[in-house]
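*Asks:* Predicted coordinates and the sequence they were generated for:
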Amino acid sequence: MPVTIDSTVQSNSGHSVTSAGTFDVTLPAGTTDGNTVLVFVASTSATGVTAPAGFTTDKTMSVGGFFFRKSEVPAGETTWTFTVSSGTTRLHSWYVEENSDIDPVEPLEGSAGPNTAAGTINGGTLTTSTTTQGAAANTVAYGIWISNRSDATWSNYTNGFEEVFDTPSGANPADYQITVARKFTDASIQTYESTATLATAQGGGPVTFAAILVYRAKDAAIANPLVGIFGFDWGTHGGITAGGSANSLVGAQNAAVGTWGIDYSIGSSFARTTGYGLEINQTGTAAYVPLGTLKPTGTKGGCFGYDVCVVSGTGVVVVAEGGSATGTVYSQLVYDTSATKFGVRAGTTGTIQYAATTTALNTFVWLDYSVKTTSSIFEVRWRLETGTNTYTDQTTATLTGQTTNTFYNLRAGANVAQTMKAHFDNVVMSPYYAAYPLGPHVVKLLKVDPAGTPSVSGTSTNFSVFTANGTLAAWDATNARNAVDEVPPTVSASADGVVQTAVATADYMEFPMETYTCAVDEIIAAVRALAAEWGGTGSGTGTLGMRGYDGTAEAVLIGTISSHDAGSPTVLSTVDPMWMTAMWTPSGAVWTQAKLDAAAVRIGFSNDATPDMGVHAIYLEVAIRKAKTVRQFTLENPISATADSRVNPYSSASVSYLITNNDATRSVNFNYTGTGTPSSPVTVGPSTSQEVTVTADVFGDIPDVSLVAI
């Protein structure tokens, strides 16, 4: 549901003078269950204003600004009592708003400020400061200006902000005025900033300060929402539990539990789609593999999707878990081997909500679920693949009597002694509760382009190609390409690869990568870069960096701040090979076909190349999903025809159209304008359908279309 001006259910403002340590914020009428309440306070109590239970502090300013939010407010609330840290006389101006369409779980898109100015003169300006680029395509932003003069007023807000409240002149005779301006954004990701002009009726400039807060809408389109993808098609469990140079396959702060190659392993017979999959094989013991992390510091909600198949088990088994960084479990996927049904529960003690239909053993299905841990009730929403291209919502699982906590990762398998064998494939994960359901994805592996020509930027003698697990030769583009293309990586006495042999922090080797051409109804959801590391002989540790180039901009994937020795192993193990892995956010935040076609991985940038530091395999994992189909145009007269738009759910941009002509005798012309360039009409004959690919691949770029009978 988009957040618009109609989402503002009610608002109010006021001011108070208190020496009792509290003041009330009120709304004219009772709140609606599930809505969000925002409270912005300017106070002479710079040492602190505390909100009542249920509120989250989204931002504070030491100069006297306090900004609070209460998500999923109960019905009928009208008054909230705020506490001031000092019992002396304090002055407060406040603005409160009830909003029906702000995301209830992780709504804060970004913030900036405070930006302060002492002695702003009449006619002077003050900016809120600028946020970092957001991820949501539908937001509401609030610019807030505060001054220590009651007669201060603000106007001329830049960048499309419109005033919603300004403290009346003289409302607080001695001090503190607050002004709020607002901006709604749809179908675009951006940074946010607004500058306002100050006017005062009296001489002498007040002390002024400003800030900005941005909230995302419920179910907003999220640019690049995936923070982890796992297709396992690199083909080996070797090194999966190693920390790596910057990030291992399982996440920087996680470790697998079980015996390598027995309790967990990667193999070609474990996959749903082509390539490889992950197997968890518990034989009366605990065993699991944590897959990535939602955020380094956790989140209050997130969602996952993956293909899962229970091969065998005894009783009701725990197939996967989600929990905190310290191992507390907030959700479980279970399978009743007798009833052959999947189920979910919140925590480890919540009531299991089983699927309405059965899933036979040895059957892969796609599972979507999200977890919310923001209040006293933990919640797990889920849906399950129940037939070909059919995904059915299931009963939500809840657990009461909880406290808000952070949600961190997904574990394949469980910290439970049980007998269970299960396979996993095509795992995707997002910290955005609003991104649920993620929907079916396929994670494809791309190697170095076999027709590409690697190159060196900088001094070529700083790099070498190695064979026989350590025999160096001069850099050669063809030999370098062929040395890093095997799947799985060759870890043996015959291993080959490329290395940096001398310090050169700006030099790198660039490897063009294979591409994947999307079908007319597919989009690129996310890309992850992986490289199996190698280190030369000798004592000490070294550094190595990895970056990506999408044809427009370079992204730093792995910096060179971590020192390590990748070693030159001859056998796979729990620690070899060491891996460099990183999600790749492209320029503009959303992947397009053109960017993937141009993708190249850059290896080098070392500030410590002793021993020699290199890689012996380079891959991209690419998550592919179906576009969202939207009926954009229907022609009824003189003939019947339709144009269905395939929309990128992460950018709201059209990527293709399906034109269906239902008339048995006449043709129809489909006309469209994409990215500002008129296209020639596409003629669709009688009783036929035709796919049309369009060039709209940027945020909010939905072409103008028409259907004309001919």
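*Replies:* Done, it's in. Numbers count the residues shown, from 1 in each chain.

*Asks:* What about the closest residue to Val3 other than its chain neighbours, how many residues nearby?
*Replies:* Using CB to CB, 6 or more residues apart in numbering and skipping residues adjacent in sequence, the residue nearest Val3 is Ala217, 3.8 Å away. C-beta coordinates here come from the backbone N, C-alpha and C atoms, glycine included. Using other CB atoms under 10 Å, Ala217 has 26 neighbouring residues.

*Asks:* what pairs with Ala196 across the strands?
*Replies:* Legend: beta-bridge partners of Ala196 under DSSP bridges are Leu126.

*Asks:* Just to check, it is in contact with Leu126?
*Replies:* Yes: under the contact definition of CB atoms under 8 Å, Ala196 touches Leu126, with a separation of 6.3 Å.

*Asks:* Between the two, which contacts overlap?
*Replies:* 145, 210 (CB atoms under 8 Å, 6 or more residues apart in numbering).

*Asks:* Look at those two and report which has more neighbours.
*Replies:* In this view Ala196 and Leu126 are compared by other CB under 10 Å, and Ala196 has more residues nearby, 25 against 22.

*Asks:* who's in contact with that one?
*Replies:* Contacts of Ala196 (CB under 8 Å, 6+ apart): 125-126, 143, 145, 154-158, 179, 181, 210.

*Asks:* which of those residues lies closest to Asn415?
*Replies:* Distance to Asn415, by CB to CB, is smallest for Gly143 among the contacts of Ala196, at 46.8 Å.

*Asks:* Does Tyr619 touch Glu514 like I think?
*Replies:* No: Tyr619 is beyond contact range of Glu514, at 9.3 Å (criterion: CB under 8 Å).

*Asks:* Show me which of the two is the more surrounded one.
*Replies:* Between Tyr619 and Glu514, Tyr619 has the larger neighbour count (other CB under 10 Å), namely 27 against 20.

*Asks:* part of a strand, is the more buried one?
*Replies:* Yes: assessed with DSSP: H, G, I helix; E, B strand; the rest coil, Tyr619 lies in a strand.

*Asks:* Looking at strand pairing, list the partners for the closest residue to it other than its chain neighbours.
*Replies:* Nearest residue to Tyr619 in three dimensions, chain neighbours excluded: Leu530, at 4.6 Å (CB to CB, 6+ apart). Note on Leu530: beta-bridge partners by DSSP bridges are Thr581, Tyr619.

*Asks:* what's the answer for Thr419, then?
*Replies:* Beta-bridge partners recorded for Thr419 (DSSP bridges): Thr283.

*Asks:* for Arg602, same thing?
*Replies:* Assigned bridge partners for Arg602, using DSSP bridges, are Glu510, Arg547.

*Asks:* Tell me the spacing between it and Leu445.
*Replies:* 19 Å (CB to CB, to the nearest Å).

*Asks:* check contacts around the residue nearest to Val3.
*Replies:* Ala217 makes contact with 1-3, 7, 101-103, 136, 138-140, 434 under the criterion CB under 8 Å, 6+ apart.

*Asks:* what about the residue nearest to Tyr619, neighbour count?
*Replies:* If we define neighbours as other CB under 10 Å, then Leu530 has 24 of them.

*Asks:* Would you verify that Asp6 is located in a helix?
*Replies:* Yes: under three-state DSSP, Asp6 falls within a helix.

*Asks:* mind giving me the domain ranges of the protein?
*Replies:* 5-216, 228-439, 455-625, 628-709 (automatic domain parsing).

*Asks:* For stretch 329-342, list every residue counted as buried.
*Replies:* By neighbour count on 16 or more other CB atoms under 10 Å, the buried set for stretch 329-342 is 329-337, 341-342.

*Asks:* my bad, stretch 572-587
*Replies:* So, applying 16+ other CB under 10 Å, buried residues of stretch 572-587: 572, 575-586.

*Asks:* measure it end to end?
*Replies:* End-to-end distance for stretch 572-587, by CA to CA, to the nearest Å: 36 Å.

*Asks:* quick one: the residue nearest to Thr236 when sequence neighbours are not counted and Ser268, what's the gap?
*Replies:* Of all residues not flanking Thr236 in the chain, Pro488 sits nearest, at 4.0 Å (CB to CB, 6+ apart). Distance of Pro488 to Ser268, given as CB to CB: 10 Å.

*Asks:* next one: Gly540
*Replies:* 38 Å.

*Asks:* Let me know whether Ala397 touches Thr349 as I believe.
*Replies:* No: counting by CB under 8 Å, Thr349 is not a contact partner of Ala397; they are 11.2 Å apart.

*Asks:* the more surrounded of these two?
*Replies:* Ala397 (24 against 10).

*Asks:* Next up, the contacts around that one.
*Replies:* 331, 343-346, 350-353, 379-380, 382.

*Asks:* returning to what we had before: could I get the domains of the chain in a markdown table, plus columns for distance to Ile222 and mean pLDDT?
*Replies:* A markdown table is the format used below for the domains of the chain (distance: least, CB to CB, whole Å; pLDDT from 0 to 100):
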| stretch | distance to Ile222 | mean pLDDT |
| --- | --- | --- |
| domain 5-216 | 5 | 86 |
| domain 228-439 | 5 | 90 |
| domain 455-625 | 10 | 93 |
| domain 628-709 | 6 | 80 |
